[in-house]
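Q: prediction below, plus the sequence it came from.
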Amino acid sequence: MNNKLLALYGLKWNPFTPNVPTEALHVSPRLESFCWRVQHLAGEGGFALVTGAPGSGKSAALRILAASLATLRDVTVGVISRPQANIADFYREMGELFGVELRPHNRWGGAKILRQRWQAHIQTTLSRPVLLVDEAQEMQPAVLAELRLLASADLDSHILLTIVLAGDGRLAERLRSEEFLPLASRMRVRLAIERATPQDLQETLQLAIRQAGAPTLMTPEVIATICDHAQGNLRTLMIMAADLLDAAAQREARQIDETLFFETFAIPTPNTTKATARQRR
């Protein structure tokens, strides 16, 4: 969205894009409790899990969690950017995240250096480094196993790392399999993001436009209508809202209302389709 369109509605940013500031993201009581528990988990180390359907808000939850962890003194947070990587690339990224030079072909040496770095961090800060992995359903089984083994020492009695995995139903399904039971049994904190209620979606949308600086951008009626049509999915909600904002800007409408909603998302009737086809001939 260009500056002209932002100025048209008095917006500080587009409230319907994924890159809004963290303070514009809605924090439910369940998410707030999850963040609090992970903050405490960082003192002891271990695994946490976020699951939910695509578009349910898992990535937003990780952003909120990362922001809450950033308020803690001496807590280091790393984010895996390529969950689909093989073991060699996994070690390359771990080395970069934790500031050590690793040789991917020397896995034993890499594990030793990383553990030494984490151990030094624990001794000086009394907290475990935190690793966030979004889209964890894409991780290769060998990498997940490597991560589990890497995160502890002394016959699993000394936890060196706090790891938060976030993924959709495929990750949950994998963790139910016999192969991943050793990992599933280590999950100490869990957050299952379920289908949002219309009330949850309304609070999310109202916060988004309020924080963007335009609390009256949408009428209460159209907010309720969008939330009723979003099927409980946060991504669907924001895509519909973004479409409406584009339509409003194109018409230079002063406010997004229900009339614009029905005009934007109206399904063409067969007669309308035929008339349009005749006009094109």
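A: Good, I have the coordinates.
Q: going forward, measure contacts and count neighbours with C-alpha atoms only.
A: Noted.
Q: low-confidence ranges in the stretch 51-200 of the chain?
A: Along the stretch 51-200 of the chain, the model assigns pLDDT under 70 to no residue.
Q: helices of that one, start to end?
A: Ranges of helices in the stretch 51-200 of the chain, per DSSP state H, counting those that start in this stretch, are 58-70, 87-97, 107-125, 141-150, 169-175, 181-184, 198-211.
Q: return the alpha-carbon coordinates of the last one using PDB.
A: It stands for helix 198-211. Output in PDB follows, covering the C-alpha atoms of helix 198-211 (Å, rounded to 0.1, in the frame of the first residue of the first chain):
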ATOM      1  CA  PRO A 198     -16.600 -14.800  15.500                       C
ATOM      2  CA  GLN A 199     -16.000 -12.900  18.800                       C
ATOM      3  CA  ASP A 200     -12.300 -13.700  18.700                       C
ATOM      4  CA  LEU A 201     -12.100 -12.600  15.100                       C
ATOM      5  CA  GLN A 202     -13.900  -9.300  15.800                       C
ATOM      6  CA  GLU A 203     -11.500  -8.500  18.700                       C
ATOM      7  CA  THR A 204      -8.600  -9.300  16.300                       C
ATOM      8  CA  LEU A 205      -9.900  -7.100  13.600                       C
ATOM      9  CA  GLN A 206     -10.800  -4.200  15.900                       C
ATOM     10  CA  LEU A 207      -7.400  -4.300  17.500                       C
ATOM     11  CA  ALA A 208      -5.700  -4.400  14.000                       C
ATOM     12  CA  ILE A 209      -7.400  -1.200  12.700                       C
ATOM     13  CA  ARG A 210      -7.200   0.600  16.100                       C
ATOM     14  CA  GLN A 211      -3.400   0.000  16.300                       C
END
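Q: just to revisit the earlier point, got CSV for the helices of the stretch 51-200 of the chain, with distance to residue 192 and mean neighbour count too?
A: Output for those, formatted as CSV (distance: least, Cα to Cα, whole Å; neighbours: other Cα atoms under 10 Å):
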stretch, distance to residue 192, mean neighbour count
helix 58-70, 9, 19
helix 87-97, 26, 18
helix 107-125, 29, 16
helix 141-150, 20, 16
helix 169-175, 10, 16
helix 181-184, 14, 15
helix 198-211, 15, 20
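Q: could you dump those into a markdown table with distance to residue 218 added?
A: Shown next, in a markdown table, are these (distance: least, Cα to Cα, whole Å):
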| stretch | distance to residue 218 |
| --- | --- |
| helix 58-70 | 23 |
| helix 87-97 | 42 |
| helix 107-125 | 47 |
| helix 141-150 | 44 |
| helix 169-175 | 34 |
| helix 181-184 | 44 |
| helix 198-211 | 8 |
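Q: residue 11: which of these is closest?
A: Residue 11 lies closest to helix 198-211 among these, at 8.2 Å (Cα to Cα).
Q: ok, now which ones touch residue 170?
A: For residue 170, the contact set (Cα atoms under 8 Å, 6 or more residues apart in numbering) comprises residue 137.
Q: if you set the cut-off to 10 Å instead, what comes out?
A: Neighbouring residues of residue 170 by Cα atoms under 10 Å, 6 or more residues apart in numbering: 51-53, 135-138, 176.
Q: quick one: which of these is nearest residue 147?
A: Nearest to residue 147 out of the contacts of residue 170 is residue 136 (Cα to Cα; 11.8 Å).
Q: for that closest one, give its distance to residue 184.
A: 13 Å (Cα to Cα, to the nearest Å).
Q: residues shared between the contacts of those two?
A: If you check residue 136 and residue 184 against Cα under 10 Å, 6+ apart, the residues they both contact are 49, 172.
Q: can you give me the neighbour number for the residue nearest to residue 13 when sequence neighbours are not counted?
A: Excluding its sequence neighbours, the residue lying closest to residue 13 (Cα to Cα, 6 or more residues apart in numbering) is residue 212, at 5.7 Å. Residue 212 sits with 23 neighbouring residues when counted by other Cα atoms under 10 Å.
Q: contacting residues for residue 212?
A: 6, 9-16, 20-21, 23-24, 206.
Q: highest neighbour count among those residues?
A: Within those, neighbour counts (other Cα under 10 Å) peak at residue 15, which reaches 26 neighbours.
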